[in-house]
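1. Only the shape, not the letters, is given here:
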């Protein structure tokens, strides 16, 4: 797997294969359909994509800025879980070399994301005011010492 800059082609591939739970997470969190997000805004935002080296298929979109980390996945992560999780855990470890913590909130109904965040060592802080999301964070290297 490789992290690449988002292109229109990768965005089209992503939208054709987005996990339904991830789509719902965006729409509940943003209060609007993902399709209403301007393509130009995504392309200029520094959004990255995780792409399979052999097939050039998109597994996820994501980014990290101002200690906020986020990722949305395609259905492909469910068929190649081990490679995906190993790669993302190693990438998280690298990111935490340069910042003291990373954080965000996860949609509670996206149970696969919650499970993966736990596996990666996320510390769950509290539910959001609307109780649809749970705030989480990764601190330093503590959670990733066993990678």
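-> That came through, no problem. Owing to the predicted nature of the structure, the values given are computational and were not obtained by experimental measurement.

2. who does the lowest-mean-pLDDT helix or strand in the chain touch, helix- and strand-wise?
-> Lowest by mean pLDDT, DSSP states H and E among the helices and strands of the chain is helix 39-44, with a mean of 73. With contacts defined as 3 or more C-beta pairs under 8 Å, 6 or more residues apart in numbering; DSSP states H and E, the packing partners of helix 39-44 are helix 8-17. Using the backbone N, CA and C atoms, a C-beta is placed for each residue, glycine as well.

3. The helix it packs on - contacts with which helices or strands?
-> By 3+ C-beta pairs under 8 Å, 6+ apart, helix 8-17 packs against helix 39-44, strand 48-51, strand 58-65.

4. Tell me the pLDDT of the residue lying closest to residue 111 once chain neighbours are set aside.
-> By the measure of C-beta to C-beta, 6 or more residues apart in numbering, the closest residue to residue 111 outside its immediate chain neighbours is residue 21, 7.7 Å from it. The confidence metric pLDDT takes the value 95 at residue 21.

5. Quickly list what residue 123 is bridged to.
-> Residue 123 has these beta-bridge partners by DSSP bridges: residue 137.

6. what about it, how many neighbours?
-> Using other C-beta atoms under 10 Å, residue 123 has 15 other residues around it.

7. Looks like it contacts residue 134 (just checking).
-> No: counting by C-beta atoms under 8 Å, residue 123 does not reach residue 134; the two are 10.8 Å apart.

8. Low-confidence ranges, the chain, go.
-> Low-confidence segments of the chain (pLDDT under 70): 127-129, 141-147.

9. swap the cut-off to 50 and go again
-> The chain contains residues with pLDDT under 50 at 143-145, 147.

10. Residues touching the least confident helix or strand of the chain, excluding its own?
-> Helix 39-44 is contacted by residues 6-8, 11 when judged by C-beta atoms under 8 Å, 6 or more residues apart in numbering.
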